[in-house]
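K.L.:
any chance you could fold what I've pasted below:
(chains A and B)
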Amino acid sequence: MRPTINDQVDGARRLLTGLLEDDEVPAAACETLTNARRLLDQIGRSWAALPGFYARDNTELAQLLQRMRTAVPMDVAARIAKVANAPAPPAVDVNAGASHNAELRQSLSDLLHAMPAGPGRDAARGEIGDYLRRRMAADPA
Amino acid sequence: MSTAQETGTGTTATPDFAQRLYAWIAAETGGRDATLVNLRPVGLGRSRENWVFDLVSPGADGTDQIEPLIVRTDPDGGLVDTDRSTEFAVLRALEHSTLPTPAVRWLDATGEHIGRPGLVMRRASGVCDYRIVNGPLPLDVRIDLARQFCDLLAQVHGVDWADLGLGAVLADPGPEAARFELDRWEQVLRTDQLEAYPELDLALLELRDWAPRTSRTVLVHADFKPGNILLEDNRVACLLDWELAHLGDPLEDVGWVTQPLRTREHLIAGAWEADDLIARYEQVSGTHVDRLALQWWQIFSTLKTAIMQVSGLRAFLEGRSDEPYRPNRRVLSTLLDALSGSN
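P.N.:
Residues are numbered from 1 along each chain as shown, chains lettered A, B, ... in the order given. Predicted structure coming up:
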């Protein structure tokens, strides 16, 4: 149904671009308008891909946490398990997906800090680094 | 003393700020017959942290003496939270060195005069271009400029900070400067982060494992870049923005200017590479650059940039800044790649 989200983002961009092309708009206002347009660009590029990204990343990250939590003290492992075992939110609910993703990422930070020194830790950090690079490449935002 | 509005010179400053500034300067100058004119903001955006103006006062020979000044105030929000009192003390001390730095005049440490902490300094002449090293100038001129910047950095590190009394203003972290800075920036992250950043936690943990010891404590500028250097006729005229300056490891600055994120500001592909800069720095400073320690400081510089973006994001989301910063893909990818390469 029109206007779609893209229609609205494109429309807002067009309105801002019109102002930016107006010579009478002060430079300070242009700076702010440019920032606003940049945010709209970001939304326009990423919003449609975000639900799928969160669904995939939540699954991969939960599996990573499940696999690695055995290497950390039991109390931390239990907290991580609770988050990693939580049912994944519906893929269409982008807000729930983002919230769950933030919880999982917090668990990953907790795991990193709780990991005892040793060769196992170095290998785990390497694996986590590889995962974070893959995530970075896939993140539409 | 009168303000620009009263003399009809015209200004774009808000009346409240102009009046506060006028009252402050009047108090500092003892109410002598001086006029504050041409007050206007520098830069864009809502925070308007920097304002320039001229102080006109009668000279002994009856002619007007014009002193170009700039007032720097704390922004509501930004990438870094710094202390104007420390900046003022550092600049005042550096007036007794051979470094080209702006002369400071007055300090409002608490904001009692102008509403927020700020300092007034002499406005230095010259132009700055943060991309001049890769701009349209002929290659030989750009290489000469890059060498001058490198020499200036060595000159900063050669300052006798103890003799200037900076030991009373800045903490000396001694040989543990790397861990000291890591702790400082982790604290900034913990204060400003709104959510977990495992990328940054991974970097903090890995860097802590192999933090190098510092062989000599120097004055570190901590934001050394062409965008903070004023030039006159392609010669260095003034080094600005000392708000992040501290005592520490000289490789912190060398790492900052040779990190991958800053390549276009400091290096010229095929003509002035990182190895050229480091060799020149070693020659001018008479010191050896430990390449492994430098690698640590380069990764630290990228981590610091990411943490600044976290602070900037918070300032934007809380409405204290108009700049929509965020830890972006380029910075985080560079950081993760650097960590991978250091293993």
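
K.L.:
average pLDDT for stretch A:113-129?
P.N.:
Mean pLDDT, computed over stretch A:113-129, is 93.

K.L.:
before we move on, what about stretch B:151-168?
P.N.:
Mean predicted confidence for stretch B:151-168 is 97.

K.L.:
who touches that stretch?
P.N.:
The contact list for stretch B:151-168 (Cβ atoms under 8 Å, 6 or more residues apart in numbering or on different chains) reads B:89-90, B:93-94, B:96-100, B:170, B:217-221, B:224, B:229, B:236, B:239, B:247, B:250, B:253-254, B:257, B:280-281, B:284-285. In short, each C-beta sits where N, CA and C put it, glycine included.

K.L.:
apply 6 Å and report the result again.
P.N.:
Outside of stretch B:151-168, the residues within contact range by Cβ atoms under 6 Å, 6 or more residues apart in numbering or on different chains are B:93, B:96-97, B:218-219, B:221, B:224, B:236, B:250, B:253, B:281, B:284-285.

K.L.:
show me how to select, in PyMOL, the buried members of the residues you listed.
P.N.:
Selecting only the buried entries of the contacts of stretch B:151-168 in PyMOL, with 16 or more other Cβ atoms under 10 Å in any protein chain shown as the criterion:
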select buried, chain B and resi 93+97+218+219+221+224+236+250+253+281+284+285
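
K.L.:
tell me the one of the contacts of stretch B:151-168 nearest chain A?
P.N.:
residue B:224 (25.4 Å; Cβ to the nearest Cβ).

K.L.:
near chain B, which residues of chain A?
P.N.:
By the rule Cβ under 6 Å from any Cβ of the partner chain, the part of chain A lying against chain B is A:28, A:31-32, A:35, A:39, A:102, A:105-106, A:108-109, A:112, A:129, A:132-133, A:136.

K.L.:
from the contact counts, what lies against the helix or strand bottoming out on mean pLDDT in chain A?
P.N.:
In chain A, no helix or strand scores lower on mean pLDDT, DSSP states H and E than helix A:27-46, which sits at a mean of 91. If you count contacts as 3 or more Cβ pairs under 6 Å, 6 or more residues apart in numbering or on different chains; DSSP states H and E, helix A:27-46 packs onto helix A:5-20.

K.L.:
what's the mean pLDDT across the helix it packs on?
P.N.:
So the average pLDDT for helix A:5-20 ends up being 93.

K.L.:
related to what we said a few turns ago, mind listing which of the contacts of stretch B:151-168 are in strands?
P.N.:
Using DSSP state E, the subset of the contacts of stretch B:151-168 located in strands is B:218-219, B:236.

K.L.:
which of those lies closest to residue B:41?
P.N.:
residue B:236 (26.3 Å; Cβ to Cβ).

K.L.:
is stretch B:314-334 anywhere near chain A?
P.N.:
Yes - using Cβ under 6 Å from any Cβ, stretch B:314-334 reaches chain A at B:322, B:324, B:329, B:332-333.

K.L.:
check the offset of that stretch from the chain's centre.
P.N.:
19 Å (Cα atoms, centre = their mean, to the nearest Å).

K.L.:
can you check stretch A:58-66 too?
P.N.:
For stretch A:58-66, the distance to the chain centre is 14 Å (Cα atoms, centre = their mean).

K.L.:
what does the stretch 201-343 of chain B have sitting close to chain A?
P.N.:
Residues of the stretch 201-343 of chain B lying near chain A (Cβ under 6 Å from any Cβ): B:201-202, B:205, B:322, B:324, B:329, B:332-333, B:336, B:339-340.

K.L.:
coming back round to it: of the residues of stretch B:314-334 next to chain A, just the buried ones, ChimeraX syntax please.
P.N.:
The ChimeraX selection below is limited to those of these classed as buried (16+ other Cβ under 10 Å):
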select /B:322,332,333
